[in-house]
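Novice: Okay, here's the prediction I keep looking at, along with the sequence it came from:
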Amino acid sequence: MTVTANLTALNTLQLAATAQRLVTVTSQEQLQAELAQAVAAEPINVLGGGSNVVLHKMLPGTTLLMNIMGREVLSDDGRHVIARAGAGESWHEWVLWCHHRGFHGLANLALIPGSVGAAPIQNIGAYGIEVAQCIEAVHATHRETGESAILSPDKCEFRYRDSVFKHPQGEGWIITAVDFALDRGAPVEANYPSLRARLSEATLTHDAVLASVMAIRRERLPDPVITPNVGSFFKNPVISLQDVDILRQNFPEVPVYPGPDAGMKVSAAWLIDQLGWRGEERGGVRVSSDHALVLEGCGASSAVPWLSLAEAISSSVEDAYGVSLELEPRVMGRSD
Ligand SMILES: Cc1cc2nc3c(=O)[nH]c(=O)nc-3n(C[C@H](O)[C@H](O)[C@H](O)COP(=O)(O)OP(=O)(O)OC[C@H]3O[C@@H](n4cnc5c(N)ncnc54)[C@H](O)[C@@H]3O)c2cc1C
């Protein structure tokens with residue numbers, strides 16, 4: 001169906017955005033037909049579950065709501081399994097589908113909102129795991145050329161909350177399906193401190209990890225159905241070892257963890273918390289009082305107050321620590 005549409009119910013910040021033209025995509029063939037008839041000069045936007053976007057008032061051009069479904073096992077040697085999910089599948093339902101069949105690797109990523117097709121975009125991660133660890137291939141169609149391709153993990157250039165799909169050389173790709181390499185014999189991954197704290201030696205099972213991850217998330221993160229949010233609003237900044245030394249001279253207690261590319265990840269939540277932002281409310285958006293990385297809606301209906309609070313937080317962190325914060329959600333559309 002093709003219509004101008006209000007996107008309020010299609011993004012977890014519940015922002016009142018309008019798509020000039022909204023198309024629900026249910027197959028790759030339909031996607032290719034849509035791309036073939038799209039007006040060259042007009043933007044093509046892609047939306048999954050809307051749980052990691054900040055939408056301005058108007059999304060010009062065509063917005064594709066990815067709803068390609070399907071789950072299948074492609075190969076199974078008794079231990080190693082390759083399984084495919086369509087881009088429109090719910091991420092959490094996919095995690096459960098794999099878990100209940102004994103296909104392990106994804107349990108730590110349970111209850112992350114959104115779709116399978118968006119998972120590679122920022123290489124979703126939680127409780128010591130990143131989705132890239134289980135990706136075998138990404139199926140994609142190019143929004144400008146209509147070309148289809150199967151991208152291997154090295155072509156996806158996965159990094160911490162990042163991939164080629166967030167950069168000019170890869171942002172043209174629209175993901176239609178993802179193949180996962182799963183393992184019936186995978187060891188339990190329970191080294192993340194808050195997860196480990198819940199598990200005794202006797203409960204180091206995949207079932208227990210799944211249940212604990214779900215319990216921790218339900219306790220700690222606001223439910224976007226009740227409280228508008230996108231999870232973490234900022235990425236943890238990655239800085240060099242040299243910059244960590246400089247930071248630690250002034251702030252010896254700053255939490256840092258091993259990061260990608262020989263860098264170190266600094267806890268953005270700690271930096272924000274130390275500056276007293278927790279609970280601060282401006283223009284219908286507040287910093288969660290439970291988690292300094294999470295911004296929550298309390299009345300705002302446009303992107304502007306979200307982005308201005310985020311900007312105020314980033315500037316104060318930069319001034320105090322000389323560290324730049326990067327937004328985790330993607331900003332889409334036009335404010336005028
Ligand atoms: C309560 C809460 C907790 C969260 N916890 C985590 C967490 O622990 N870890 C984590 O990594 N993230 C987390 N997130 C963020 C979010 O859930 C993930 O980033 C998720 O993968 C977004 O999926 P989506 O389908 O909602 O994507 P959308 O928000 O619809 O889109 C996000 C971006 O991906 C693009 N996109 C979407 N689908 C496709 C596609 N098929 N092809 C090409 N581009 C596409 C969009 O254009 C946009 O740029 C959380 C969010 C919330 C609300």
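Specialist: Thanks, I have the structure now.

Novice: what's the neighbour count on Leu241?
Specialist: Leu241: 11 surrounding residues under other Cβ atoms under 10 Å. Heads up, the C-betas are built off the backbone N, CA and C, glycines and all.

Novice: which residues does the residue nearest to Arg282 when sequence neighbours are not counted contact?
Specialist: Counting by Cβ to Cβ, 6 or more residues apart in numbering, Arg282 lies nearest to Leu309, which is 5.1 Å off, once chain neighbours are set aside. Residues counted as contacts of Leu309 (Cβ atoms under 8 Å, 6 or more residues apart in numbering) are 280, 282-283, 285, 287, 295.

Novice: Quick one, grab the pLDDT at Ile44.
Specialist: Per-residue pLDDT puts Ile44 at 96.

Novice: should've said Pro168
Specialist: Value listed for Pro168 in the pLDDT field: 96.

Novice: next one: the one 3 residues further on
Specialist: Among the per-residue scores, Glu171 shows a pLDDT of 95.

Novice: before we move on, what SS does it have?
Specialist: With DSSP: H, G, I helix; E, B strand; the rest coil as the basis, Glu171 sits in coil.

Novice: Looking only at the lengthiest helix in the chain, what residues are buried by neighbour count?
Specialist: Counting by DSSP state H, the longest helix found in the chain is helix 303-321. For helix 303-321, a neighbour-count test (16 or more other Cβ atoms under 10 Å) marks 303-307, 309-310, 313-314, 316-317, 321 as buried.

Novice: List the strands paired with whatever helix or strand comes next after that helix, with their directions.
Specialist: The first helix or strand that comes after helix 303-321 along the chain, using DSSP states H and E, is strand 330-332. As defined by DSSP bridges, the strand partners of strand 330-332 come to strand 53-55 (parallel).

Novice: hey, C-alpha coordinates of whichever helix or strand comes after the strand it pairs with in PDB?
Specialist: Next along the chain after strand 53-55, taking DSSP H and E as the criterion, comes strand 58-66. The C-alpha coordinates for strand 58-66 follow below in PDB (Å, rounded to 0.1, in the frame of the first residue of the first chain):
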ATOM      1  CA  MET A  58       8.900  15.500   7.300                       C
ATOM      2  CA  LEU A  59      10.500  12.600   5.600                       C
ATOM      3  CA  PRO A  60      10.500  13.700   1.900                       C
ATOM      4  CA  GLY A  61      10.500  11.200  -0.900                       C
ATOM      5  CA  THR A  62       9.700   7.500  -0.300                       C
ATOM      6  CA  THR A  63      10.000   5.800   3.100                       C
ATOM      7  CA  LEU A  64      10.200   2.000   2.900                       C
ATOM      8  CA  LEU A  65       8.900   0.200   5.900                       C
ATOM      9  CA  MET A  66      10.800  -3.100   5.800                       C
END
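
Novice: Return the set of buried residues in strand 58-66.
Specialist: Quick answer for strand 58-66 (16+ other Cβ under 10 Å): 59, 61-66.

Novice: Could you say which helix or strand holds Ser301?
Specialist: Here Ser301 sits in a region with no helix or strand, counting by DSSP H and E.

Novice: near the ligand too, which of the buried residues of strand 58-66?
Specialist: Restricting the buried residues of strand 58-66 to those within reach of the ligand (Cβ under 6 Å from any ligand atom) leaves Met66.

Novice: Specify which member of the buried residues of strand 58-66 is nearest to the ligand.
Specialist: Met66 (4.2 Å; Cβ to the nearest ligand atom).

Novice: Which residue ranges make up the domains of the chain?
Specialist: Residue ranges for the domains of the chain, per automatic domain parsing: 2-66, 71-220, 238-332.

Novice: Asp207: neighbour count?
Specialist: Asp207, neighbours per other Cβ under 10 Å, totals 11.

Novice: Dump the contacts of Leu309 to TSV, plus distance to the ligand.
Specialist: Below are these laid out as TSV (distance: Cβ to the nearest ligand atom, whole Å):
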residue	distance to the ligand
Glu280	20
Arg282	20
Gly283	20
Val285	14
Val287	15
Leu295	11
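
Novice: In those, which residue is surrounded by the most others?
Specialist: Comparing these by number of neighbours (other Cβ under 10 Å), Leu295 comes first, having 30 neighbours.

Novice: Okay, and the beta partners of that residue?
Specialist: Leu295 has these beta-bridge partners by DSSP bridges: Val287.

Novice: what separates it from Ser232, distance-wise?
Specialist: Counting by Cβ to Cβ, to the nearest Å, the gap from Leu295 to Ser232 is 9 Å.

Novice: for Ser301, same thing?
Specialist: Relative to Ser232, and taking Cβ to Cβ, Ser301 is found at 22 Å.

Novice: neighbour-wise, which of those two wins?
Specialist: Ser232 (21 against 16).

Novice: ok, the more buried one - contacts?
Specialist: Taking Cβ under 8 Å, 6+ apart, one finds 268, 293-294, 328 in contact with Ser232.

Novice: likewise Gly259?
Specialist: Applying Cβ under 8 Å, 6+ apart, the residues near Gly259 are 160, 236, 238, 265.

Novice: separation between the third one and Leu31?
Specialist: Val238 sits at a distance of 34 Å from Leu31 (criterion: Cβ to Cβ).

Novice: Can you show me the strands along the stretch 51-200 of the chain?
Specialist: 53-55, 58-66, 71-76, 80-86, 125-126, 129-130, 135-142, 148-151, 173-183 (DSSP state E, counting those that start in this stretch).
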